[in-house]
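Engineer: model this:
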Amino acid sequence: MDGGPPKDGIPSIDNPKFIKVSEVNLNDEERILGVFENGIAKAYPIKILNFHEIVNDHFGDKPVVITFCPLCGSGIAFNAKIKGKPTTFGVSGLLYNSDVLLYDRETESLWSQLMFKAVSGSLVNEELEVLPTANTTWGNWKIKHPNSLVLSTETGFNRDYSSDPYPDYTSSSNLYFPVSNKDDRFHPKELILGVVINEKHKAYPFSELKKSKKALIVDEFQGKKLRIEYSPDSNSAEVFDEKGNLVPAVTNFWFAWYAFYPDTEVFTVK
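Structural biologist: Next up, the predicted model:
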């Protein structure tokens, strides 16, 4: 569907500038996407991503694209190499299931953020590698990564990053665009942690994680033991395998995850 703004009407950030922790003017409760790759930690404030949705970046020599869809609450970092070649992405202006469709600037194929793959063009069905991406508060991230760099508001664009272009959206049950599948077990904007293993899907709703009253939840999915760590203070969650390695997972709204994956398993507290 046409999302409103035309192609590149929401401009990606292609030459991101970063500042040090000592220069940051962020409240501890402000939300960020956090990525740690190649020994480098970076934080991307949601208040900036709301206006740009894509940051084409590098972690050392590794090209990484940071993506955020305000309508789905979904923030995902991907390895930006396709068939071994680095590429950059822009915002197509089109949506599928209310989720942003990216386009790569090499072939102009369209890529679904929450399907992690190209859905049209010469690269159709080519998949992107999902990188561990934290959706948390600045206060929580800087404790874990005190040397983190932070995306600067000096983006080269004239935007009021202190304003919210989607006021009251996260608390409302209304959607701006239709979706393929709906389920009313949870509020549409309930945050969930979505995990994909062996092409099977599972959702960990934050309300259920909170209900468990445990900071650490051990679960088994697709024959793998998972350790889910939930922080009520930052309302954020991460998942680790039994060796303690971060498992790539997606924090997003319940309605969005279910729209794409109606066969998803759902974690509930018994």
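Engineer: what about the closest residue to K117 other than its chain neighbours, distance to G39?
Structural biologist: With C-beta to C-beta, 6 or more residues apart in numbering as the criterion, K117 has its nearest non-adjacent residue at 4.5 Å, and that residue is E127. All C-beta atoms are positioned from the backbone trio N, CA, C, and that covers glycine. E127 sits 25 Å away from G39 when distances are taken as C-beta to C-beta, to the nearest Å.
Engineer: Spell out which helix or strand contains W141, please.
Structural biologist: With secondary structure defined by DSSP states H and E, W141 is part of helix 138-144.
Engineer: Which strands and helices lie in contact with that helix?
Structural biologist: strand 31-37, strand 40-45 (3 or more C-beta pairs under 8 Å, 6 or more residues apart in numbering; DSSP states H and E).
Engineer: re the thing from before, from K81, how far off is the residue nearest to K117?
Structural biologist: 12 Å.
Engineer: Are we agreed that L49 is in a helix?
Structural biologist: Yes. The assignment for L49 (DSSP: H, G, I helix; E, B strand; the rest coil) places it in a helix.
Engineer: please begin residue numbering at 34 from this point
Structural biologist: All right, first residue 34 from here; so that's L82.
Engineer: Give the burial count for it, as a bare number.
Structural biologist: By other C-beta atoms under 10 Å, the residues close to L82 number 23.
Engineer: N180 now?
Structural biologist: There are 9 residues near N180, going by other C-beta under 10 Å.
Engineer: hang on, it packs against F51?
Structural biologist: No. Taking contacts as C-beta atoms under 8 Å, N180 lies outside contact range of F51: 11.7 Å.
Engineer: quick revisit: rebuild the helices and strands packed on helix 171-177 as CSV, extending it with distance to A289 and mean pLDDT.
Structural biologist: Compiled in CSV, these are given as follows (distance: least, C-beta to C-beta, whole Å; pLDDT from 0 to 100):
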stretch, distance to A289, mean pLDDT
strand 64-70, 16, 98
strand 73-78, 19, 98
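Engineer: of those strands, which approaches K233 most closely?
Structural biologist: Among the helices and strands packed on helix 171-177, the nearest to K233 by C-beta to C-beta is strand 64-70 (25.2 Å).
Engineer: and that closest one with strand 73-78, angle?
Structural biologist: 160 degrees (axes from the mean of the first three to the mean of the last three C-alpha atoms, to 10 degrees).
Engineer: What strands line up against strand 64-70, and which way round?
Structural biologist: strand 73-78 (antiparallel), strand 167-170 (antiparallel) (DSSP bridges).
Engineer: what sits up against that strand?
Structural biologist: Identification of contacts with strand 64-70 by C-beta atoms under 8 Å, 6 or more residues apart in numbering yields 59, 74-79, 82, 92-93, 95, 97, 99, 101, 108, 110, 164-171, 174, 178, 181, 183.
Engineer: any idea how far that strand is from the chain center?
Structural biologist: Relative to its chain's centre, strand 64-70 lies at 9 Å (C-alpha atoms, centre = their mean, to the nearest Å).
Engineer: Grab the nearest non-local neighbour of F254.
Structural biologist: According to C-beta to C-beta, 6+ apart, the nearest residue to F254 is K235 (5.1 Å).
Engineer: how many neighbours does the residue nearest to K150 have?
Structural biologist: 13.
Engineer: ok, now K116?
Structural biologist: Using other C-beta under 10 Å: K116 sits among 8 other residues.
Engineer: Tell me which residues touch it, please.
Structural biologist: E159.
Engineer: Now it. Its backbone dihedrals?
Structural biologist: phi 50, psi 40 (degrees, to the nearest 10).
Engineer: Can you name the helix or strand that the most centrally placed residue in the chain falls in?
Structural biologist: Centroid check for the chain by C-alpha atoms, centre = their mean gives G108 as the closest residue, at 1.2 Å. Here G108 sits within strand 107-112, counting by DSSP H and E.
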